[in-house]
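> My questions concern the predicted model and sequence given below.
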Amino acid sequence: MTEEKIIFPEDVQLKTITITKFDDGTNLKEPITLYLADDHLVSNERTARDILCTHYSCECGCPSRKPFLTCEDCRDKARKEKYNASEKKEWLEDRPVCNGECYFNEWWEIFNFCLEEDCTLDDLELIHTEEKKYKGCLDFFNLFHNVIPEGLDYDEQIPSQIKQAIDEFNKKIDNLDITASYVQTKVYVLITDEIREEFKKYKQEQENE
């Protein structure tokens with residue numbers, strides 16, 4: 001396996017091109033020095049180094065692959081510190097929870113996911129979600145932009161019957177109170193000892209089958 005090559009911005013070997021003429025052949029008042037970066041000519045040295053480097057130097061001293069300014073270990077540490085300090089509450093399976101990518105409706109789904117991914121319940125850092133309702137968002141100009149004249153005065157020239165119909169439609173959608181989707185909150189799921197014990201038993205059952 002080939003060892004990964006690590007090039008920091010300060011280690012980049014820059015190639016420069018000096019331009020003394022315009023495209024039409026006339027001379028410039030002063031020569032311009034440009035930097036060659038991946039077949040592109042850039043005028044800023046810092047930009048050129050940023051294009052050509054492969055890693056940045058993390059505050060801990062370890063290399064961090066672009067585009068991250070901090071290394072993976074420091075990112076994991078920061079994420080865990082944020083998770084440990086966050087607000088947490090129990091999940092009653094009343095609405096989905098997610099781990100940033102997957103959504104789960106019941107604990108057994110989470111148990112299976114942990115077994116498939118060979119991870120723990122705490123590794124998932126599950127987040128509570130909240131409902132996102134359908135909202136009426138019809139707009140006169142979006143509906144009729146292809147037929148109305150430019151400069152139409154909304155307050156003076158739009159028929160009141162149309163404005164009223166649109167407002168009534170939007171209110172009707174709002175009053176239906178239907179959930180469209182779920183979005184994550186800032187509250188994490190509390191993993192209790194009882195849930196850990198349930199997962200332990202579930203894991204044993206699956207292994208014994």
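Structure received. Treat the numbers as computed from the prediction; the structure is a model and nothing was measured.

> what sits against the residue nearest to Lys15 when sequence neighbours are not counted?
Leaving aside its sequence neighbours, Lys15 sits nearest to Leu36 (CB to CB, 6 or more residues apart in numbering; 4.4 Å). For glycine as for every other residue, the C-beta is placed from the backbone atoms N, C-alpha and C. By CB atoms under 8 Å, 6 or more residues apart in numbering, the residues touching Leu36 are Leu14, Lys15, Thr16, Ile17, Ala48.

> In this structure, what residue spans correspond to helices?
Here the chain has its helices, by DSSP state H, at 45-52, 72-85, 107-117, 121-124, 140-144, 154-157, 160-176, 193-208.

> what comes up buried for stretch 22-40?
For stretch 22-40, a neighbour-count test (16 or more other CB atoms under 10 Å) marks Leu34, Tyr35, Ala37 as buried.

> separation between the last one and Leu14?
According to CB to CB, to the nearest Å, Ala37 and Leu14 sit 8 Å apart.

> Count the neighbours of Cys119 for me.
As a burial measure, Cys119 scores 12 neighbours (other CB atoms under 10 Å).

> Who are the contact partners of the closest residue to Asp139 other than its chain neighbours?
Nearest residue to Asp139 in three dimensions, chain neighbours excluded: Ile166, at 7.5 Å (CB to CB, 6+ apart). The contact partners of Ile166, taken as CB under 8 Å, 6+ apart, are Leu138, Asp139, Phe140, Leu143.

> And the first one, what's its pLDDT?
Listed pLDDT for Leu138 reads 89.

> one step back: could you redo the contacts of Leu36 as TSV and give each row pLDDT and distance to Glu81?
Listed next are the contacts of Leu36 as TSV, based on pLDDT from 0 to 100; distance: CB to CB, whole Å:
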residue	pLDDT	distance to Glu81
Leu14	93	38
Lys15	92	42
Thr16	92	44
Ile17	90	47
Ala48	94	36
